[in-house]
Structure formats: C-alpha cells, structure tokens
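> need coordinates for the following:
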Amino acid sequence: MLIRIIKAGLDMEAKIASNVGVQQALKYLFITIVGYFIFLIPGYFFPEYLGYITTLNITILIVVTTQFYLSIIFGMFERKKLEAPEVWPMVSILIPAYNEEQVLARTMSSMMEIDYPEDRIEFVYVYEQKSTDDTESVILKYAKKDHRFKPIKRNETHGGKAAAANYGIRRSNGEIIGSFDADHSLAPDSVRKAVLRLQDDNIVCIKGRCRTINKGEGFLSLLGGVERDIAESLIIPQHDIIGGFSFFGGGHAFFKKSIFEEIGYFDEKIMCEDIDYSLKIHKAGYNIRVDPSIISWEESPASFSQWWHQRKRWSRGWIQCARVHIGSIMGHPKFSFIKKIDTIYYLLITLLLPVTIFLYPTSILSYLGIAQSTFYPTWVSNLLGVYVSLGSFLAVLFVLIKDYRAGEKIRWKEIPAILMLIFYMPAVLFVSWVGWVDEFILSSENEYVKTLRSGAKSG
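You can find the predicted model right below:
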C-alpha cells in the first residue's frame, strides 16, 4: 500500500474541483450496496451475527460521543499569557497560490495590517506558473506596493500544496515559518502571539484557530463554519491541554524553521501532509502547541461539489496517515503514555468511524425487528440519539460562550444550525466512507483536487 502511495504521489498534480457527476455518485452507491449484501451473508448462518454488528456500531458511537463531550469540556480552558522576547525573530509567512485571483486582494491586504516589526517579516507567495487566472499579476501588484511581499514563480511537474510549501520554505529567510492557504486573512496580532508561544525549546509548531469568513454565503458554508468552530476552538486544543496528540491542520501553522532541517520537509506523496508531519514532529520528541486566540479567517466551501472534494481529500488523507503511522506508536520511546493512548485512539477512530455509516442500515433493520437487535439494554439504544444530538447542542453553545468571554457578540443566527448539524454530520460520515472506499477497495491513485474560492467576505 505504502509503495502505491509513493508511486502515485510522485506525479500528483493539483486539479480544479469539478461537479460531482451522477455516474460517480452511482459508482459509490453500487459499491456500498453490493458490499453491504456481502456483509449480510454470515447472518444466514449465524442468527446472532447482526446483533453483534449492531452492538459494535453502537459501542463505537458511544465511545466517540463520550470523547467528544470530554473534548468540549477541556477545550474551554484558556492558555496563559507569555512575555515578549527581547528581540523579535525573523518571520516568513508562506502562501502557496494556484488560481487564487478571487481571494488574493482580501488576504494580501490583511498581511499588510499585521502588527510585527516591518524589518523582521516577509510574505513569501509561491505561485504556480500553471495558474490560468490573474494570480501572478495580483501578487506582483502587491509586491510593488510593499517590499515585504516576496513573489516566487514555481514551474514544476509535481503539484499539490505540500510540494509548493517545500519549495517556498527552502527559499524563505525566516527563523519562523508561518504556513497558510491562500484564502487565509490573518488577524493583526496573530504573528506576535505565535512567536511568543514558540519561545519554548521543545515547542516547534504552533497551531492557531481557523475561522470561517463566509458563513453567510450559503447553507453549506454556515454548517461547515460551525463545525470548524467546534473543532478549532474546542476539540483540537483539548488534545494539547491533556498532553495528547496535538496536531496542526486547516492551512494554518507556525514552525521553527530548524525542524524542517532536522526531520525533513512535508511529504508530497500523501494527501494530508499536515497530519503526517504532526505525527513526525511528535515522533522526533517535540511538541505542537494549540492556541485558539491566534486567528486567521478562511473560506468554507459553499457548493456541494467543492465541499465533497475537500472532505473526501481530508478523509482519505487521514486514513493514509493512520495506515502509515498507527503500528509504530505504541512502542515509540518519544511518546508519553497519555500521548500514545490519545494518538492510537484518534488514528483507530479514523479507520473505524467511516464504517459506522456502512453499518447504519443494520441498526435500522434491528429497530424494525427484521434482524437481531443490539445486546445493549433497550434504554441504551433509545437514548443514544439524544446523547449524540445533545453533544452538538453543547458544543455550539460552548463555542459561543467562549467567544463571548473573549469579547465577541453572541452569534444568535448560528443557534438554528444545531438542528441542521444532526443531518449534516451523517453526510460528513458518508463522504468519509467514500474516502475509505477509495483507499481500501478501489485503491485509487492520489489526486489533489483544489478547492475553488469565491472571495466572499460575508459571515
């Protein structure tokens, strides 16, 4: 499998997301239906077979939901403030750009507002020569306005964000590298806060909070933004707070450049290079800090096609990371006991959770009395839906409270999203299942599908 990833990755190119065609959707539906009927065959010979499967499915949901509750509780803790260094280090903000004309004016303007010594920061824009829009002209226009912008044209056969990021890192001058997607608008104090967190010798990476700038653009962007708030404000920080598997992702992180010289650069052959690199940092004995007060604003997909391709890429990338790394965690000498348990849990759930959507019809059959019911008491099955739904309600509420404590107004319009999340999250699981099918059943080649942005500012 790993050999296949490497071979496919060598020529991986960034492609523009196309519409999700009926033929493609039918392909995954057909595979799912055929697979499910094959899966049911043992039930004809062992009457209790489906009962065990339903029980397993409910157990996974109970464990995941319970861990989710713990995440949102621990995620409410705040980070202590740190003192400023005597000399601010040189910082390079690195942004790969491929067909990003729609967002560059907004995001490059935000760079110019960053509160950091002007002679200690540069904005490195690595733009692809293959771009077919006005990406190059917009970047060059801003470079003439402000000497801190450093345009770098890249003309390589292999594509993807990791390849462009590696290209830029090698050509950056900073002791600190801030890596962002092209649609990110940084808060003015973000760089100073990140530099403060990186003063500890054992901390080599800082992950901030990615927030959605276009929640008002549509139904999907609102739900994606609310989901992102929960993950970025509560769930991801919780792993850092308990000393577990803290990781960076979402196109937002600051690094000490020395870590790239020590353990290498981003893997260009894997679809979630950020998660893969997070695991490598921990294996090297270093830590990743998470500080939700370090803010950048990004776009969330507003169309179904863009959302589908992005989520499938994330899902498959996580699965690839789990396959490559999970076997080496338990005996690794650089992992504490808590970090081992947390990391293995997260990677194991990455592999198992997509399968719950495949097993879901079995639960329906048991409720209808067609198949053996779960071995749990009836009240457990009856309360499971309430238990899961209540988690979404509390998570949204806790995010709003946390932001209110930070000085923001309550975002009342997001309250109705709680009900919509009940239907949205199964859709997320289904796309995760599609990524699982691509990885384990179809063995499809890696394909980095670029998410198109609109340049929206609403939300």
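
> per-residue pLDDT, the residue lying closest to E100 once chain neighbours are set aside?
Excluding the flanking residues, the one nearest E100 by CB to CB, 6 or more residues apart in numbering is A182, at 4.0 Å. (C-beta placed from N, C-alpha, C; glycine too.) With respect to pLDDT, A182 scores 93.

> thought R453 was touching L104?
No. Applying CB atoms under 8 Å, one finds R453 not in contact with L104, separated by 9.7 Å.

> what do these two both touch?
Residues touching both R453 and L104 (CB atoms under 8 Å, 6 or more residues apart in numbering) are A182.

> buried residues in the helix or strand where Y345 lies?
Assessed by DSSP states H and E, Y345 sits inside helix 337-367. In terms of neighbour count (16 or more other CB atoms under 10 Å), helix 337-367 has its buried residues at 339-344, 346-347, 349-360, 362-363, 365-366.

> same deal with stretch 249-269?
Quick answer for stretch 249-269 (16+ other CB under 10 Å): 249-257, 259-260, 265-269.

> before we move on, back to that, just give me the neighbour total for the residue nearest to E100.
27 (other CB atoms under 10 Å).

> among the buried residues of stretch 249-269, which one sits closest to A194?
Minimum distance to A194 across those is 4.0 Å, recorded for F254 (CB to CB).

> surely that closest one is in a strand?
Yes. Under DSSP: H, G, I helix; E, B strand; the rest coil, F254 sits within a strand.

> so what does V124 have for phi and psi?
Per-residue torsions, V124: phi -100, psi 110 (degrees, to the nearest 10).

> ditto for D133
Per-residue torsions, D133: phi -110, psi -160 (degrees, to the nearest 10).

> excluding chain neighbours, what is closest to it?
Per CB to CB, 6+ apart, closest to D133 is E101, 4.1 Å.

> tell me how many other residues crowd that neighbour.
By other CB under 10 Å, 19 other residues sit near E101.

> so who does it touch?
E101 makes contacts with D133, D134, T135, V138, as judged by CB under 8 Å, 6+ apart.

> JSON lines for the residues you listed, including pLDDT?
Formatted as JSON lines, those follow (pLDDT from 0 to 100):
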{"residue": "D133", "pLDDT": "91"}
{"residue": "D134", "pLDDT": "93"}
{"residue": "T135", "pLDDT": "93"}
{"residue": "V138", "pLDDT": "95"}
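
> between all of these, which two are at the greatest distance?
Among the contacts of E101, D133 and V138 lie farthest apart (CB to CB), at 8.8 Å.

> so between the two, which is more surrounded?
More crowded of D133 and V138, by other CB under 10 Å: V138, with 20 against 13.

> quick one: the more buried one and V103 touch, right?
No. Using CB under 8 Å, V138 makes no contact with V103, being 9.6 Å away.

> and of the buried residues of stretch 249-269, the nearest to E414?
Taking CB to CB as the measure, E414 lies nearest G250 of those, at 19.1 Å.

> stretch 318-331: end-to-end distance?
21 Å (CA to CA, to the nearest Å).

> buried sites along it?
Across stretch 318-331, burial judged by 16+ other CB under 10 Å covers W318, I319, Q320, C321, A322, R323, V324, H325, I326, I329.

> show me what it is in contact with.
The contact list for stretch 318-331, computed with CB under 8 Å, 6+ apart, reads 1-2, 5, 270-272, 275-276, 279, 283, 335, 340, 343-344, 347-348, 350-351, 354, 435-436, 439-440.

> mean confidence score for it?
The pLDDT scores in stretch 318-331 average 93.

> immediately after the helix holding Y345, which helix or strand?
Downstream of helix 337-367, the next assigned helix or strand under DSSP H and E is helix 378-405.

> by how many degrees do that following helix and helix 337-367 diverge?
Counting by axes from the mean of the first three to the mean of the last three CA atoms, to 10 degrees, helix 378-405 lies at 130 degrees to helix 337-367.

> following the chain onward from the helix or strand containing G51, which element is next?
According to DSSP H and E, G51 maps onto helix 49-74. For helix 49-74, the following helix or strand on the C-terminal side (DSSP H and E) is strand 91-97.

> how far away is K207 from D115?
20 Å (CB to CB, to the nearest Å).

> these two: which is more packed in?
Set K207 next to D115 and count neighbours by other CB under 10 Å: K207 wins out with 28 against 10.

> need the phi and psi values for the more buried one.
Dihedral pair for K207: phi -110, psi 130, per degrees, to the nearest 10.

> which residue packs closest to it, ignoring adjacent ones?
F248 (3.9 Å).

> tally of neighbours for the residue nearest to G264 when sequence neighbours are not counted?
Leaving aside its chain neighbours, G264 sits nearest to K280 (7.6 Å; criterion: CB to CB, 6+ apart). When neighbours are defined as other CB under 10 Å, K280 has 16 of them.

> could you do the one 10 residues further on as well?
V290 is surrounded by 25 other residues when neighbours are defined as other CB under 10 Å.
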